[in-house]
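*Asks:* need a structure here:
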Amino acid sequence: MRDLPARSEPPQVGSPFRVETICTGDELLTGLTSDTNSRYFQEQLLDRTGLTVRRSVVVGDVREDIIEALNAAAARCDAVLVSGGLGPTTDDLTAECAATAAGVKLVMNDAAMKHIEARFKARNIALSENNRRQAMVPDQCEVVLNAEGSAPLFIQKRGNCTLFFVPGVPREYRHLVGAHVVARIAALSGKQTFRKLALLKTVGLPESHLDARVKALHEKYPRVTLGFRTHPPENHLKLLAEGDDADSASKLLEQVTEEARGLLGATCFARDDETMASVVLEALVARREFLAVAESCTGGMIAESLTSVSGSSRAFYGGACTYLEDAKAKLAQVPEGLMAQFGVVSSETAEAMATGLRQFTGVQWALSTTGYAGPTGGDAENPVGTVFIGISGPGITKVERHHFHGDRDRVRAFATWAALDLLRRSLQTVQGTRS
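*Replies:* Below you'll find the model as predicted:
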C-alpha cells in the first residue's frame, strides 16, 4: 500500500480526533442533486461520539480530483467518510480511485458478489455485467455487506487514517453510516469530550443584533461555543456545549439554552427541528382550535407548509386558493363591490377574505394573503413585492402590509412565512376559546 506523506498537521498528545467527509458526484456540483446525506452523519457523529466534522469536500466524477481529495484527507485525518460513486455505471469511479490512491489493485470480493447475485435473484432481475463492478473493492480492505443495496461498505486503512466508503443513495447511506460507520469511529476515537447541540431560531432580529443580544454568554460559559447562521427570513443561534460525559454536557446545554431564550424573548420562536408551521400548529392543538386559509398570491404555499407537518389535521381545517376575484367572492365570501372599490390587492380585501372565510367555515382562526408577487403587476402605491396578510380570530381582526424584495418565488415564500408568524404572534396575545 502506498506510503502517505507526513501529516500537514501532526497530531499532538491529546489533540482532537479529526473527522472529514468527501462527497463525490458531478450532480452535486451542477445543482441537479443536493447533498442530503451529510447532515445525517454529522448529527449521528455528534450525538453518539461528541465529535464534529472538521471539513467537508465535494468533488466531481474526475479521477484526478477524487484521488487528490483522498490523499489529502488521509494525510491529515483520523477518519474520513467517503460517499458516492459506488454504482455500476462507468462514471462511478470511487472504488477505482481508492485503490489507485492507496497503490493497490481492485479485487473481486466473493461475499459481496454473492450478496449482489442473491439480491437480483430475489427480485427476479437479470444480473448485468456492470453490476459485478460493485463487488470490486481495493485489495487489503475490510468489507461490510449492504443490507439495503448492492454496493458494500469497504474500509481502508492508510497510515493513521481510516477511510469509510459508502454508497450515496440516501437509504443505503443512512443504514451503513448508522449501523456500522459511526460505531467504528467511536471505537477509534477512544475517550472524547462529549458535545451536545441546540439550535434556537429567531425572527425579526438581524444577525448582528442576535450576536449582541447573547454576548454575555461568551464569557459566562467557556465550555459553550456560540455560532450564528442566517436562514432568511430567520436567524439562528447554535449552542454547542462540552462536558466530560454525556449527562454533564446535556445539563450545561439546557442551562445555557434556557438563559439564551430568556435573552432573546419573543424573537425566539423555535428550537432544533421545530419550524414556524409546527410551532403554530402545536399552539392551535393546545388551544383546541382550527385554522383555515384563503390564499391569493401565495397560491397554496401556507397550506403546503402546514400539511408538511405530520398530524396537521388536528388543527388545520383546510384552505382555498382564491386567485381570481370570483374565487375570492365565492370561496372567501368577499362582499360584492368591495374589490371594485378598494382593489384586489388592498388591506380591505385581505381583511374581508379572512373574516369571510372564518365565518363561512366556522373555525376559530383564518388567514388571508393578497399581493403582487411579480414580476408583473403592481402600481405606484403598491409596487411588486407588496403583500397584504389578514387574520381573523377570537377578538382580533388585523391586516399587515409587507413589501418583500426579490423574485417571485422569494416574495411568495416570505409572504407564507410572514403569515404564519402573524398567526404565531396573535396566538400568544389573544385569549383562546377552549372547548
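
*Asks:* For the helix or strand where residue 182 lies, name the packing helices and strands.
*Replies:* Taking DSSP states H and E as the definition, residue 182 sits inside helix 182-189. Applying 3 or more Cβ pairs under 8 Å, 6 or more residues apart in numbering; DSSP states H and E, one finds that helix 182-189 makes contact with helix 38-49, strand 79-83, strand 161-166. For every residue, glycine as well, the C-beta is placed using N, CA and C.

*Asks:* least reliable of those going by mean pLDDT?
*Replies:* Ranked by mean pLDDT, these bottom out at helix 38-49, with a mean of 89.

*Asks:* Identify each buried residue in whichever helix or strand comes after it, please.
*Replies:* Using DSSP H and E, the helix or strand that follows helix 38-49 in sequence is strand 53-59. Buried residues in strand 53-59, defined by neighbour count with 16 or more other Cβ atoms under 10 Å: 53, 54, 57, 59.

*Asks:* ok, now stretch 18-36?
*Replies:* Those would be 18, 19, 20, 21, 22, 23, 24, 25, 27, 28, 35, for stretch 18-36 by 16+ other Cβ under 10 Å.

*Asks:* relative to strand 161-166, how tilted is the helix holding residue 182?
*Replies:* 180 degrees (axes from the mean of the first three to the mean of the last three Cα atoms, to 10 degrees).

*Asks:* Name the residues that touch helix 182-189?
*Replies:* Helix 182-189 has contacts (Cβ atoms under 8 Å, 6 or more residues apart in numbering) with 17, 19, 41, 44-45, 48-49, 51, 78-79, 155, 162, 164.

*Asks:* the inter-axis angle of that helix versus strand 79-83?
*Replies:* Using the same axes, to 10 degrees: helix 182-189 against strand 79-83 is 160 degrees.

*Asks:* Going toward the C-terminus from helix 182-189, what's the next helix or strand?
*Replies:* Sequence-wise, the next helix or strand downstream of helix 182-189 (DSSP H and E) is strand 194-203.

*Asks:* Report all helices and strands that the helix or strand following that following strand contacts.
*Replies:* Sequence-wise, the next helix or strand downstream of strand 194-203 (DSSP H and E) is helix 207-213. Under the contact criterion of 3+ Cβ pairs under 8 Å, 6+ apart, helix 207-213 touches strand 224-231, strand 234-243, helix 246-264.

*Asks:* Can you list the buried residues in helix 207-213?
*Replies:* Buried residues in helix 207-213 (16+ other Cβ under 10 Å): 210, 213.

*Asks:* Likewise for stretch 278-293?
*Replies:* Buried, per 16+ other Cβ under 10 Å, within stretch 278-293: 278-284, 287, 289-293.

*Asks:* could you flag which of the contacts of helix 182-189 are buried?
*Replies:* Neighbour counting with 16+ other Cβ under 10 Å marks 17, 19, 41, 44, 45, 49, 51, 78, 79, 155, 162, 164 as buried within these.

*Asks:* picking up where we left off before, closest to residue 272 out of the buried residues of strand 53-59?
*Replies:* The shortest gap between residue 272 and any of those belongs to residue 53, at 18.6 Å (Cβ to Cβ).
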